[in-house]
Structure formats: C-alpha cells, structure tokens
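In: Can you look at this prediction? I've put the sequence above it.
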Amino acid sequence: MTIAVEFANVSRHFGTVRAVDGVDLTIAEGSFFAMLGPSGSGKTTCLRLISGFEKPTGGQIRIFGEDVSETPPHLRNVNTVFQDYALFPHLNVRDNVAYGLMVKGMGRAARYRKAEEMLALVKLDGYGDRKPAQLSGGQRQRVALARALVNEPRVLLLDEPLGALDLKLREAMQDELKALQHKLGLTFVFVTHDQHEALSMADSLAVFNEGRIAQIGTPQDIYDRPATRFVADFVGSSNVLPPDLTRALGGPAEWASLRPEATRLAPTGPVSGTVIALRYLGSGTRVVIDAGGTEVAALVPAGQPVPAEGATTAIAFEPSALHLMGTT
Amino acid sequence: MRSEASWGLKAAALGGLLFLHLPILLIFLYAFTTEERSYAFPPPGYTTQWFGVAWNRADIWPPLWLSLKVAAIATVMAMILGTLAAAGMARAKFFGRDQISLLILLPIALPGVITGMSLRSAFGIMDIPFSTWTIVLGHATFCIVIVYNNAIARMRRLSGGIMEASADLGANAFQTFRYVLLPNLGSALLAGGMLAFALSFDEVIVTTFTAGQQSTLPIWMLNELVRPRQRPVTNVVAIVVFAATFVPILIAYYLTRGGSETAGMGK
C-alpha cells in the first residue's frame, strides 16, 4: 500500500488556539478518506495543511513520501474543490476548467480539448460557454470538480463540497462522487460535518474533536465501536449511557453506547421510564424515554405500535449491543 | 409580490421627479432661446446660433482645457493611490485600521468649504503658489475617496476563495494578479475613475479656494451668469458640462451594476 498523505505529529496553532494539535494520520493511495467533525474541530485546517494554505507550526506533512511542509500551494500536486466552489466569475466554464492548464503554459487548443473531456466526465458537455453565474449550485459544483481534476492531481481535496446543495441533489452527488473516485482510482480527501455523508462515502474516516483525532477507522468501526463518548455522540445518534446505568444493566461501571436500532420496546426490560419524545422518521419512529434521568432512545420500525407520549415502557436489547467505552 | 401604489403616492413621486429634473430641461431649452439678457418663459424664439457663438468665444477654451487637464490628472492620481489604499485596507488587519479608513473617507464627508480653506492655508504656510497643481491636489482629496470606495467594495465582494483557487490550480502570485484580480477589479476601477473625473470636472467649492487667478469651466460659468450678455452661451457650455459628467457617470453605473453576479459568486 502506498501512502498518499501522511501527518507526523502535525500541529497548527494560531496564537493560543490549537486548531490542529499533534495529529498523526496516514491516507492510503486510492482511498476515499473523510475528515469528520463539528465546526472548529480542526478538520478544515487539516485539509488546508495538505493544500498548503496553512503551514504547520509543528510536525511534518508528507505527500507521496515527499516532505511538503515548506512547499507553497501552487507547487503542490494536489487540487481542491472549495466549499463555495470559488469559480472565477469573469471566466466562462471552459476557461475556468482550463485555468490550471493555462497557467502551466499549455496551448489553447490542447487545454480546451482537455477541459471539454473533463466537462463530459462531470456530465456538463455543452456548458463551456456559460458563465458560472448562469449555473445552478449543482452545476457549479461539477465545474469546480472538473477544474480540479483536469490538473490530474495525485490527491483531490474536497472541502464540504456538498454543503450548499439541497438534500436530493446532495444524495445524487454523493453517489456520483463515489463512482468518479472509483473510476479514476484517485485519492479523495473529503471534509464534512455530516456524519451520514462521511459514513456512506468514505473507505476510512477520522473523527476530529478540538484539534485532535478522536478516532480513525472504517465507517463500520466508528459506527459500531465508537472509541469515546464524543464519537458515540457525534457519529450517528447512539445512546450514551453513564457508568452507573451500564452497571445497572449488568455490565461493568463504564460508559457505553447503545444504538437505537439495536433496541426494541418491551413491556418490561432493563431500562424503563416514561416516553418523553416521539420523532417520526418515515422508516420508523424514534422513541425517547426518561430512564431515571438519562434519556435513552429506541427505534421502532414502521408498522409496529408506538406508545403514546407520557406512557411507561421499557427498552430491551441483546447484551452484545452494548458497546463499552471505558471509564472516562 | 408587487402591490399597486395609490394614485396619490404616484402623483407625489411624479411631482418629485419633475421638481428634480425640469430645471435641467430648462437649461437645455434656454440654450436655444433668442432672448440673450434674461430667462423669459416661454422663450420668444428658437435658434441654434449660440452653439456657433460659444465655439468662437476665445474665453471659453482656456477654462475648458484647464478643467479637462485637472480632471484627468486628478483621476489618474486617484486611481493609483485609491487602489493601493484599498488593497492595503482590504488585505491587512492592523491596529487603527478603522480609524485610518475613516481618515481616508473624511474628505468626501467634509464640507468643501472646510477642505478648501484648509488646503488654501496649507498652501499659504508652505509658500506654494496657486497653479494647476494646487487645483489638482484639491480635487485629488475627494477623487481618491471615490476610487477607494469602488475598489474596496469590489475587493470585499470578491470571494477571497478565488485567489486561493488560483494558487491551488498552480498559478504564482503574478499570474493570480494578472488573470484573476485585475479582471475582477477592472470595471470597478474604471467606474471609480469615471466618477472621479466627473466629480472633478464640475467641482466649484474647493476649486474656488485653490485656483488662484485661474478659472475652471464651472467657475467661468458662475462668473458668466452674473453678466447679462450672451447668456445662452452659458447654457451651451452647461450642456457640454452635462455631457462630460453625465456620460461617465452613466458608464460607471453600468459597469458596477450587477456586480453581485459577476464578482460576488459563491453561494
């Protein structure tokens, strides 16, 4: 396995703010890697450290083995799809896509030909003469993608590229991005605060919290076996159970996570309380009960009876569904 | 949703517009009157002879050239200094930035009388004789502000992302300036320059304090109106002034209009 991007104890401090604090990270070539975290967790700064718009205040960044810590952005063989696309408003779509080739000195005919190929790849053939302002959000996003890919980067960075799109378009683009990545075999590094997006698209992901990596692994690792309370809380909608409740349920006195879909409602069970909230999700209903001060959610699949708010019920689950996360 | 305004509001709006613009039409009208001593209404007759008379009046040309020269030099100065100031203010964050920004904007907020007096006394203290250059300096104080305002508005609206995008795609700093910044700033600079030119061309107050014995075109007109002789000639000149200032302002308006689509972009 070739390592595309490697962080060795990388920090980026802004004065006293530790935006990125001692991050170790390896991204395999050809993988779809997601950086997930709430805003301000350091994921975007990490992306900017790879693109070169931020310089590390400590540690070393290597791209395909080469130390790039001092290399300016325009000399790095990585390209970015920016969050707001950052298309050049004064250039038409074709010139936007051909920009990277133009500044490298490629002739007009050759670069336009390559630009048209890229536009075809992102299904925007025939849009070359339009200005960015005449495109929809989804189309701009594709132009930004084509503009980055035409340079044949070794790593493609995507900074919340789907954030500005509506839900339906976002889902369609998720599939398309994934397919594109497979087709090109490129390394994609994807920043998002949307856990569903990260889980559904990435081969592996890093969950960021306060400038550090809370957990790194495959989506399944992270969803089924969150390493910390933060990860359990942030990724998916797991219940986080305090140590005394875990012990009351027959486990050790440790924090534990319990996925709502691994539970069912029962007349009696280890966790019982009054129903305090119901949320209809279409595919099921999320039932939240107050179990002696701790809110625990269960997912009732569609078609099964749902208790009324205020009713008393219990939640049952297999003991193996309880995932322990230590005492802190 | 568009709601229908009441006829009273419409009448008031129409009245306001007429009040603002009828006098301008009258200026044009009186350039064609046969009555040369007073502005009688309606004009007793119509003629185009005053255009010829104005053309042959030797005393019109020096003020016209002076005005054009002053406006051109002041505009060039303003475009250079105003753009540099805007670039500095848009990019840097430093202690006292807001205060300096206010100081840059001040000349346009200050009454022209104050600017004129202060410049006049400063020139006096420094023993600088009045010349074309003292007029230029006086005009440059507010012309810089016009260019600065246009440039900084555009710089702020440009998403900073496009400069980064350019670097990300492999462009060095010079290429980014040449291919991204300049094309996006160009129309704002041109618009600022045109407005500055128009403003300088018809400026009276500051000019009165800094011109000494020279007359710019507006000052010549002011003097001319006092004398009831060949009055329509003044109106002919007024039409020239109108064209020389209105056309650049109109162009500037079209250049900056719709700037949000061309420069803002983003979301």
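Out: Cool, the structure landed.

In: What segments of the chain are helices?
Out: Reading this off chain A. Along chain A, the stretches classed as helices by DSSP state H are A:43-51, A:93-103, A:108-121, A:137-149, A:167-184, A:195-201, A:219-224, A:229-234, A:243-248.

In: think we crossed wires, I meant chain B
Out: Under the criterion DSSP H, chain B contains helices at B:7-30, B:49-56, B:61-91, B:97-109, B:112-125, B:132-157, B:161-168, B:173-176, B:182-201, B:205-210, B:217-226, B:231-256, B:259.

In: and those helices, which one's lowest on average pLDDT?
Out: Comparing mean pLDDT across the helices of chain B, the lowest value falls on helix B:259: a mean of 48.

In: Next, count neighbours for A:Gln174.
Out: Here the neighbour count serves as a burial measure; for A:Gln174 (other Cβ atoms under 10 Å in any protein chain shown) it reads 17. All C-beta spots, glycine's among them, are computed from the backbone N, C-alpha and C.

In: tell me the contacts of the closest residue to it other than its chain neighbours?
Out: Nearest-residue entry for A:Gln174: A:Met201, 5.6 Å, with adjacent residues in sequence omitted and distances by Cβ to Cβ, 6 or more residues apart in numbering or on different chains. With contact taken as Cβ atoms under 8 Å, 6 or more residues apart in numbering or on different chains, A:Met201 is in contact with A:32, A:34, A:174, A:177-178, A:190.

In: Take the helices of chain B and write them to a markdown table, including mean neighbour count and distance to A:Thr294.
Out: As requested, the helices of chain B are arranged in a markdown table below (neighbours: other Cβ atoms under 10 Å in any protein chain shown; distance: least, Cβ to Cβ, whole Å):
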| stretch | mean neighbour count | distance to A:Thr294 |
| --- | --- | --- |
| helix B:7-30 | 11 | 62 |
| helix B:49-56 | 14 | 92 |
| helix B:61-91 | 19 | 52 |
| helix B:97-109 | 13 | 50 |
| helix B:112-125 | 15 | 71 |
| helix B:132-157 | 23 | 49 |
| helix B:161-168 | 24 | 44 |
| helix B:173-176 | 15 | 55 |
| helix B:182-201 | 22 | 55 |
| helix B:205-210 | 22 | 75 |
| helix B:217-226 | 17 | 81 |
| helix B:231-256 | 18 | 59 |
| helix B:259 | 19 | 55 |
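
In: which one of those helices lies closest to A:Ser41?
Out: Comparing the helices of chain B by their distance to A:Ser41 (Cβ to Cβ), the top pick is helix B:161-168, with 21.0 Å.

In: hmm, back to that, can you put the contacts of A:Met201 in a markdown table and add pLDDT and distance to A:Ile315?
Out: Formatted as a markdown table, the entries for the contacts of A:Met201 read as follows, by pLDDT from 0 to 100; distance: Cβ to Cβ, whole Å:
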| residue | pLDDT | distance to A:Ile315 |
| --- | --- | --- |
| A:Phe32 | 95 | 35 |
| A:Ala34 | 95 | 31 |
| A:Gln174 | 89 | 32 |
| A:Leu177 | 90 | 37 |
| A:Lys178 | 91 | 35 |
| A:Phe190 | 93 | 35 |
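
In: A:Glu295: which of those is nearest?
Out: Distances from A:Glu295 to these, taken as Cβ to Cβ, are shortest for A:Ala34 (28.3 Å).

In: domains of chain A?
Out: Domains of chain A are assigned by automatic domain parsing as A:3-231, A:237-321.

In: deepest of these, which one?
Out: domain A:3-231 (a mean of 19; mean count of other Cβ atoms under 10 Å in any protein chain shown).

In: before we move on, back to that, would you mind giving the helices of chain A as a markdown table with distance to B:Pro218 added?
Out: As requested, the helices of chain A are arranged in a markdown table below (distance: least, Cβ to Cβ, whole Å):
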| stretch | distance to B:Pro218 |
| --- | --- |
| helix A:43-51 | 54 |
| helix A:93-103 | 45 |
| helix A:108-121 | 50 |
| helix A:137-149 | 49 |
| helix A:167-184 | 58 |
| helix A:195-201 | 64 |
| helix A:219-224 | 74 |
| helix A:229-234 | 68 |
| helix A:243-248 | 85 |
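
In: Quick one, which of those gets closest to B:Phe95.
Out: When these are ranked by proximity to B:Phe95 (Cβ to Cβ), helix A:43-51 comes first, at 25.8 Å.

In: chain center to that closest one, what's the gap?
Out: Averaging C-alpha positions (Cα atoms, centre = their mean, to the nearest Å) puts helix A:43-51 14 Å from its chain's average.

In: packing partners for it?
Out: Here helix A:43-51 touches strand A:3-14, strand A:17-28, strand A:32-36, strand A:58-63, strand A:78-81, strand A:155-159, strand A:187-192, strand A:204-209, going by 3 or more Cβ pairs under 8 Å, 6 or more residues apart in numbering or on different chains; DSSP states H and E.

In: closest one to A:Val235 among the helices of chain B?
Out: A:Val235 lies closest, by Cβ to Cβ, to one member of those: helix B:161-168, at 28.9 Å.

In: For the stretch 51-200 of chain A, what lies in contact range of chain B?
Out: With the criterion set to Cβ under 8 Å from any Cβ of the partner chain, the stretch 51-200 of chain A comes near chain B through A:51, A:53, A:72-75, A:79-80, A:82-90, A:99-100, A:102-104, A:132-133, A:137, A:147-148, A:151, A:164.

In: Can you lay out the helices and strands packed on helix A:43-51 as CSV showing distance to A:Met325?
Out: Converted to CSV, those look like this (distance: least, Cβ to Cβ, whole Å):
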stretch, distance to A:Met325
strand A:3-14, 25
strand A:17-28, 21
strand A:32-36, 18
strand A:58-63, 28
strand A:78-81, 35
strand A:155-159, 30
strand A:187-192, 23
strand A:204-209, 13
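
In: how many neighbours does the closest residue to chain A within the stretch 1-150 of chain B have?
Out: Closest contact between the stretch 1-150 of chain B and chain A, by Cβ to the nearest Cβ, is at B:Lys93 (13.1 Å). The local packing of B:Lys93 (other Cβ under 10 Å) involves 6 other residues.

In: what's near enough to touch it?
Out: Residues near B:Lys93 by Cβ under 8 Å, 6+ apart: none.

In: Redo the helices of chain B as a markdown table? Include distance to A:Gly128.
Out: What follows is the helices of chain B, written out as a markdown table (distance: least, Cβ to Cβ, whole Å):
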| stretch | distance to A:Gly128 |
| --- | --- |
| helix B:7-30 | 45 |
| helix B:49-56 | 52 |
| helix B:61-91 | 32 |
| helix B:97-109 | 41 |
| helix B:112-125 | 52 |
| helix B:132-157 | 26 |
| helix B:161-168 | 18 |
| helix B:173-176 | 22 |
| helix B:182-201 | 18 |
| helix B:205-210 | 51 |
| helix B:217-226 | 50 |
| helix B:231-256 | 26 |
| helix B:259 | 24 |
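
In: Which of these sits closest to A:Glu160?
Out: Closest among the helices of chain B, once you apply Cβ to Cβ, is helix B:161-168, at 12.5 Å.

In: thinking again about what came up before, with distance to B:Met194 added, can I get the domains of chain A in JSON lines?
Out: Supplementary listing: those in JSON lines, determined by distance: least, Cβ to Cβ, whole Å:
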{"stretch": "domain A:3-231", "distance to B:Met194": "20"}
{"stretch": "domain A:237-321", "distance to B:Met194": "58"}
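
In: What residues does the residue lying closest to A:Phe317 once chain neighbours are set aside make contact with?
Out: Leaving out its chain neighbours, the residue that sits closest to A:Phe317 by Cβ to Cβ, 6+ apart is A:Thr263, at 4.4 Å. Contact analysis of A:Thr263 by Cβ under 8 Å, 6+ apart lists A:298-299, A:315-317, A:321.

In: hang on, the earlier thing: quick one: which of the contacts of A:Met201 is nearest to chain B?
Out: When the contacts of A:Met201 are ranked by distance to chain B (Cβ to the nearest Cβ), A:Phe190 comes first, at 16.0 Å.

In: Sounds good, over and out.
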